[in-house]
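**Q** what's the 3D shape of this:
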Amino acid sequence: MKIFKNLVLVFIIATMFFQVQAFSQNVNIKGWEEVLDSNKPVNIYVGTIANDSKNTTVSADTVTKIVKDMFANRRSTRFNVVDDKSKADVVFSGEIIEYIWMEKAPITNIYSPGALALDVATKNMKNYARMQLKYEITDAKTDEVLLDEVTQVTIKKSKVPEDKSYEMIYKRTPKILSMDVFKRFKRDR
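**A** Numbering: from 1, shown residues only. Down below sits the predicted model:
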């Protein structure tokens, strides 16, 4: 019973933290939505992603290429990835703030008793990897922050050695990052 009370307490504190964090950001989300709703192509400069994690194996160059490709392949809003920052309408800058791999996955599904029980039962059978990418999208002319987010990409799978986890994380990154960058605010309207 004590474990359940601690889990509930952690959930309540985490929920309060995320709500406070969401309201404390000085971000012009409406400006980002205007960029996404624009009928004209948008020039975007993607700066080199920095690796500020303690993991030196994760490739910042690979993540930078993933971000550039994500914008270049976008269909609903056309983005032209430019190499000259002075020709950009918006600027994407970011850093990898965390990359971890664990032999045993942490308990993460606390949203229902069934999910929690399954998570606890399979905890020792799965490896876990997580990369967190903190990024900012700014208006190139005014330096106004249009979007300031952290995207977390995870895998939880059996028999994934650390050296294989990088490619799996890279493969999931465009999907998860796209959901955070492009889809989130459309639902909030």
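
**Q** ok, which stretches of the protein are strands?
**A** 42-46, 50-51, 79-82, 90-102, 127-139, 145-157 (DSSP state E).

**Q** Export these as JSON lines, with columns for distance to Asp180 and mean pLDDT.
**A** The C-beta positions use only the backbone N, C-alpha and C, and glycine is treated the same way. Listed next are the strands of the chain as JSON lines, based on distance: least, CB to CB, whole Å; pLDDT from 0 to 100:
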{"stretch": "strand 42-46", "distance to Asp180": "15", "mean pLDDT": "97"}
{"stretch": "strand 50-51", "distance to Asp180": "19", "mean pLDDT": "97"}
{"stretch": "strand 79-82", "distance to Asp180": "16", "mean pLDDT": "96"}
{"stretch": "strand 90-102", "distance to Asp180": "12", "mean pLDDT": "95"}
{"stretch": "strand 127-139", "distance to Asp180": "9", "mean pLDDT": "94"}
{"stretch": "strand 145-157", "distance to Asp180": "5", "mean pLDDT": "91"}
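
**Q** Reformat these as CSV; add mean neighbour count.
**A** Below are the strands of the chain laid out as CSV (neighbours: other CB atoms under 10 Å):
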stretch, mean neighbour count
strand 42-46, 21
strand 50-51, 16
strand 79-82, 17
strand 90-102, 19
strand 127-139, 20
strand 145-157, 18
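
**Q** closest to Glu34 out of those strands?
**A** strand 145-157 (8.8 Å; CB to CB).

**Q** all helices of this structure, in order?
**A** Secondary structure of the chain (DSSP state H): helices located at 2-24, 29-37, 60-72, 113-122, 162-178, 184-187.

**Q** wouldn't Glu162 be in contact with Met102 here?
**A** No. The pair Glu162 / Met102 is not scored as a contact, 9.1 Å apart, by CB atoms under 8 Å.

**Q** list residues touching both of the two?
**A** Ala129 (CB atoms under 8 Å, 6 or more residues apart in numbering).

**Q** what ranges of the chain fall below the confidence cut-off?
**A** Regions of the chain meeting the criterion pLDDT under 70 cover residues 1-29, 104-125, 183-189.
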